[in-house]
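Q: any chance you could fold what I've pasted below:
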Amino acid sequence: MAPPAGSRNAGDLYSRGFIGYQDSCYDLAGEPGGQAILIDRANPSYRPALGNALRVQGGIAGAVAQYQRAIVLRPDHPAADNNLGAVLNPRGKRDDAVARYMRSLELSRSYADLYNNRGVALMMQGQFVDALAQFNRALEVNPDHADAHCNLGTALATQGRSVEAATHLARALELNPRHADAHNSLGNICKDDARFDDAMAHYGRAIAIRPDHGEAHFNRSEIKFFHRDDAELAALEALARRDDLPVRTAIHVHFALAKALEDAGDYDRSFEHLRVGNTLKRGQVGYDEIRGIGLLRRIAAVFDCALLDRFQGEGDPSTVPVFVLGMPRSGSTLIEQILAGHPRIHCAGELPDFEAAASSVLRGSDLYPECVPALDGATLRRIGKSYLDRLPALVDGKIRIVDKLPGNFLNIGLIRLFLPNARIIHTMRRPIDTCVSCYSKLFTSGHHYTYDLGELGRFYRGYSELMDHWRSVLPPGAMLDVSYEDVVDDLEGQARRFIDYCGLPWDDRCLSFYNNCRPVRTASAIQVRQPLFRSSLERWRKYERGIGPLLEELEKLVPG
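A: From the prediction side, this is the model:
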């Protein structure tokens, strides 16, 4: 490209390109940036800006080339390392991205972008506490960093700190009214709070600003019902046909399109996009099936009757905790919402606190679960107390706290040791419906076994065998099985049953669970805002032709 007549100064051209980038005019940013490089090829300063302009237009390979060339020309170039990390991170190369961010931090400890981008990498790895620290550090360096405000708000929202989150997200939009990610995250907060019209408006704004915003499309699809002639369905189909989308974006688009096509009654095409989305996602996660199922069997081998009898009553005697657990998509959010209607119960959501309390002792130098028999009563009480100390304070006459983390089915033996008087409610649903519902959901984190039909079926069998084991070794009344189908058929009868199990008198407000305005941050957030419906029963038949590997594995379930 030739520089325009009368404009041969590389610095001036770079300045013009930078202004274009700041104004979101990326095509106008790229052209003068490229001209600046033609004039002064040895100057590395111009290349990261050109790379940024190329990146936002989808020219990833060109952007990477510019960042790498800048590093060759100037190995101590913090912006180039930082920007290269920002490209690598959403493409699954998180270790490489973190290394680039760390290198940038070494080169420029006061560079706010570096703290911000490292926080993004940590957040995507599930390390939210460390991510929060990085975003706060970025804002200490630059209080007007819009991306850091947005990312801090997003991270706070995942921790249930919605008010603080909304404040930072609003600030991000004050600084940059066209911040699509801030609109998307505000939409999520509104969705969690059942403010669906506001959520739709934020998602729509995010998509208007950035039409290929996969997360916003996905989030909107979860609260919208699509029709065959829906323009937004057509937009999703056009996106799905593109072959230049980053993998993470493509995953969100295919899951969103699968939901939209199911709404429209096109089940074959819906399943095809589910298959593509799940296959892409499976390629992004590091699930070790042998290790995962092996852990289930090792837990059953360690937690036998002799161990539980030896430690009977040794833990903390509190009656406060109620654990609602089971496979994801088995009705646990519904049960939690019914419990939340009771004035003596506080539902705290999906808490990581039990694992955190246990990890300080059990995930140390000794191998879990084989280290458990070497514990003593004092240690059990200490861990139980540590868990209780992490729970929210009881207020307004409440005497029970519900911890609804589905994966705690792995920890039922530990719960009995640490908190022998805790209630344990195990939610169940027909296996095929549970698994198909898992396969149709893109989980925020964890549950990596759900993205392949065969692996999903084998994991379900391992889970089922472990639950049979718990029933065989626990004393009567230690755990209550609750069937989703039974709740659908007899809401009041089943609700009275598990309220009684919690040791509380009946309250009719439990039946109006769909009117409860408490935040719900799970994949079932929409369903539990509605009265019970039967359409979720036998849903798997819509996809029967495509789920052969799953059916084959579930046929091997031992009746019990």
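
Q: for the rest of this, base every contact and every neighbour count on C-alpha atoms.
A: OK.

Q: so the spatially most central residue of the chain: helix, strand or coil?
A: What sits nearest the mean C-alpha location of the chain, by C-alpha atoms, centre = their mean, is residue 444, with 1.7 Å. At residue 444 the chain is in coil, as set by DSSP: H, G, I helix; E, B strand; the rest coil.

Q: ok, it - contacts?
A: Counting by C-alpha atoms under 8 Å, 6 or more residues apart in numbering, residue 444 touches no other residue.

Q: how far away is it from residue 124?
A: 10 Å (C-alpha to C-alpha, to the nearest Å).

Q: cool, residue 66 as well?
A: Taken as C-alpha to C-alpha, the span from residue 66 to residue 124 is 25 Å.

Q: which residue of these two possesses the greater neighbour count?
A: residue 66 (24 against 18; other C-alpha atoms under 10 Å).

Q: quick one: the strands in the stretch 451-560 of the chain?
A: Applying DSSP state E, counting those that start in this stretch to the stretch 451-560 of the chain gives strands spanning 480-483.

Q: got any ranges where it has weak pLDDT?
A: For the stretch 451-560 of the chain, the stretches flagged by pLDDT under 70 are 515-536, 560.

Q: what about 90?
A: 512-542, 544-545, 558-560 (pLDDT under 90).

Q: if I look at residue 447, what pLDDT would I see?
A: If you check residue 447, the pLDDT there is 94.

Q: look up phi and psi at it.
A: Torsion angles at residue 447 (phi, psi; degrees, to the nearest 10) stand at phi 50, psi 40.

Q: what of residue 266?
A: According to degrees, to the nearest 10, residue 266 has phi -100, psi 80.

Q: distance of it relative to residue 227?
A: Distance, residue 266 to residue 227, by C-alpha to C-alpha: 10 Å.

Q: same question, residue 454
A: 32 Å.

Q: pretty sure residue 97 contacts residue 119?
A: No: using C-alpha atoms under 8 Å, residue 97 is not in contact with residue 119; the gap is 11.1 Å.

Q: more neighbours: these two, which one.
A: Shown here are residue 97 and residue 119; by other C-alpha under 10 Å, residue 119 has more neighbours (30 against 25).

Q: A strand includes residue 367, no?
A: No: checked against three-state DSSP, residue 367 lies outside a strand; its state is coil.

Q: and the pLDDT for it?
A: Each residue has a pLDDT score; the one for residue 367 is 84.

Q: longest helix in this structure, by number of residues?
A: In terms of residue count, the longest helix belonging to the chain (DSSP state H) is helix 453-473.

Q: list the buried residues in that one.
A: 453-467, 469-470, 473 (16 or more other C-alpha atoms under 10 Å).

Q: alpha carbons of that helix, as CSV, please.
A: Output of helix 453-473 as CSV, limited to C-alpha atoms (Å, rounded to 0.1, in the frame of the first residue of the first chain):
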residue,chain,number,x,y,z
LEU,A,453,-22.1,-39.0,24.3
GLY,A,454,-20.2,-42.2,25.1
GLU,A,455,-18.2,-40.5,27.9
LEU,A,456,-21.4,-39.0,29.3
GLY,A,457,-23.1,-42.4,29.4
ARG,A,458,-20.1,-44.1,31.1
PHE,A,459,-19.8,-41.3,33.7
TYR,A,460,-23.5,-41.6,34.5
ARG,A,461,-23.1,-45.3,35.1
GLY,A,462,-20.2,-44.5,37.4
TYR,A,463,-22.3,-41.9,39.3
SER,A,464,-25.2,-44.4,39.5
GLU,A,465,-22.9,-47.1,41.0
LEU,A,466,-21.5,-44.6,43.5
MET,A,467,-25.0,-43.6,44.6
ASP,A,468,-25.9,-47.3,45.1
HIS,A,469,-22.8,-47.6,47.3
TRP,A,470,-23.8,-44.6,49.4
ARG,A,471,-27.3,-46.1,50.0
SER,A,472,-25.7,-49.4,51.1
VAL,A,473,-23.3,-47.8,53.7
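
Q: what does it rub up against?
A: With C-alpha under 8 Å, 6+ apart, helix 453-473 has contacts from 289, 293, 296-297, 300, 304-305, 308, 327, 409, 412-413, 431, 435, 439, 449-450, 479, 547, 549-551, 553-554, 556-557, 560.

Q: mind checking how far residue 339 is from residue 400?
A: 10 Å.

Q: list the residues that contact both of the two?
A: Residues touching both residue 339 and residue 400 (C-alpha under 8 Å, 6+ apart): residue 345.

Q: run through who's touching stretch 258-278.
A: 221-222, 225-228, 233, 250-255, 257, 439-440, 451-452, 542-543, 546.

Q: can you select the buried ones among the residues you listed for me in PyMOL?
A: Buried subset of these, written as a PyMOL selection, criterion 16+ other C-alpha under 10 Å:
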select buried, resi 221+222+226+233+250+251+252+253+254+255+257+439+440+451+452+543
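
Q: out of the contacts of stretch 258-278, which sit inside helices?
A: Going by DSSP H, the helices hold 221-222, 233, 250-255, 257, 439 from those.

Q: re earlier: from the contacts of helix 453-473, which land in helices?
A: 289, 293, 296-297, 300, 305, 308, 412-413, 431, 435, 439, 549-551, 553-554.

Q: give me the buried subset of the residues you listed.
A: Buried among the ones in helices among the contacts of helix 453-473 by 16+ other C-alpha under 10 Å: 293, 296-297, 300, 308, 412-413, 431, 435, 439, 550-551, 553-554.

Q: and for the residue lying closest to residue 494 once chain neighbours are set aside, the neighbour number?
A: Among residues not flanking residue 494 along the chain, residue 487 sits closest, at 5.6 Å (C-alpha to C-alpha, 6 or more residues apart in numbering). Neighbour count of residue 487, defined by other C-alpha under 10 Å: 17.

Q: check residue 418 too.
A: Count around residue 418 with other C-alpha under 10 Å applied: 30.

Q: quick check: it touching residue 376?
A: No: between residue 418 and residue 376 there is no contact under C-alpha under 8 Å: 10.8 Å.

Q: and residue 116, what element?
A: For residue 116, the host element (DSSP states H and E) is helix 112-124.

Q: packing partners for the helix or strand just after that helix?
A: Per DSSP H and E, helix 112-124 leads on to helix 128-141 as the next helix or strand towards the C-terminus. Judged by 3 or more C-alpha pairs under 8 Å, 6 or more residues apart in numbering; DSSP states H and E, the packing partners of helix 128-141 are helix 112-124, helix 146-158.

Q: those helices: lowest mean pLDDT?
A: Minimum mean pLDDT among the helices and strands packed on helix 128-141: helix 112-124, a mean of 83.

Q: gap between that helix and the chain center?
A: Counting by C-alpha atoms, centre = their mean, to the nearest Å, helix 112-124 is centred 17 Å from the centre of its parent chain.

Q: pull that helix out as PDB, backbone CA atoms only.
A: Backbone C-alpha positions of helix 112-124 (Å, rounded to 0.1, in the frame of the first residue of the first chain) are rendered in PDB as follows:
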ATOM      1  CA  ALA A 112      -2.600  -1.800  33.400                       C
ATOM      2  CA  ASP A 113      -3.400  -3.900  30.300                       C
ATOM      3  CA  LEU A 114      -1.100  -6.600  31.500                       C
ATOM      4  CA  TYR A 115      -2.800  -7.000  34.800                       C
ATOM      5  CA  ASN A 116      -6.200  -7.000  33.100                       C
ATOM      6  CA  ASN A 117      -5.300  -9.600  30.500                       C
ATOM      7  CA  ARG A 118      -3.600 -11.800  33.100                       C
ATOM      8  CA  GLY A 119      -6.800 -11.600  35.100                       C
ATOM      9  CA  VAL A 120      -8.800 -12.700  32.100                       C
ATOM     10  CA  ALA A 121      -6.600 -15.800  31.700                       C
ATOM     11  CA  LEU A 122      -7.000 -16.600  35.400                       C
ATOM     12  CA  MET A 123     -10.700 -16.200  35.200                       C
ATOM     13  CA  MET A 124     -11.000 -18.500  32.300                       C
END
